[in-house]
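Novice: quick one: sequence plus predicted model below, questions after.
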Amino acid sequence: MPQFLNHYSYAVAGALALIAVGWWAATRRTVRALALLLGAAVLVVSADLIFRPGESSLTTVADFDRALSGGKPAVVEFYSNY
C-alpha cells in the first residue's frame, strides 16, 4: 500500500482536493462555487501536464555510458510520473 501511495501520490492528492472542493461547491450551489470547482479541476490537470517530464535525450545504454564518461559533469534524474 505505501508503494501504491508513493507512485500515485499526485493523483490521490488531486482527487482528494477535487472531492473536497466539489463537496464544498455542492453545499453552496452557486455559479461561483461551480466556477471554483472547474478552476480547481483545470489547475490539477494542467499542473500534471506542465510538470510531466519530457522524453529522454538518451535512447540507448551506449548513449548513457558515453554521457557519463564524456569528461563533463552529468546529472542523472530518476523520476516516476506517478
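Specialist: Right, received. Where do you want to start? Residues are numbered from 1 along each chain as shown.
Novice: next SSE downstream of the worst-scoring helix or strand of the chain on mean pLDDT?
Specialist: In the chain, no helix or strand scores lower on mean pLDDT, DSSP states H and E than helix 2-7, which sits at a mean of 76. Downstream of helix 2-7, the next assigned helix or strand under DSSP states H and E is helix 9-28.
Novice: for that following helix, which helices and strands make contact with it?
Specialist: In terms of contacts (3 or more C-beta pairs under 8 Å, 6 or more residues apart in numbering; DSSP states H and E), helix 9-28 is packed against helix 31-51. From N, CA and C alone the C-beta is placed, and that goes for glycine too.
Novice: in the helix it packs on, what's buried?
Specialist: 33, 36-37, 40, 44 (16 or more other C-beta atoms under 10 Å).
Novice: now, among those, which is nearest to residue 6?
Specialist: residue 44 (18.8 Å; C-beta to C-beta).
Novice: measure the most centrally placed residue in the chain to residue 9 for me?
Specialist: By C-alpha atoms, centre = their mean, the chain has its centre lying nearest to residue 48, at 3.8 Å. Separation of residue 48 from residue 9 (C-beta to C-beta, to the nearest Å): 12 Å.
Novice: for the residue of the chain positioned farthest from its centre, what are phi and psi?
Specialist: In the chain, counting by C-alpha atoms, centre = their mean, residue 71 sits farthest out from the average C-alpha position, at 33.3 Å. Main-chain dihedrals, residue 71, degrees, to the nearest 10: phi 90, psi 0.
Novice: likewise for the one 3 residues further on?
Specialist: Recorded main-chain torsions at residue 74 are phi -130, psi 140, according to degrees, to the nearest 10.
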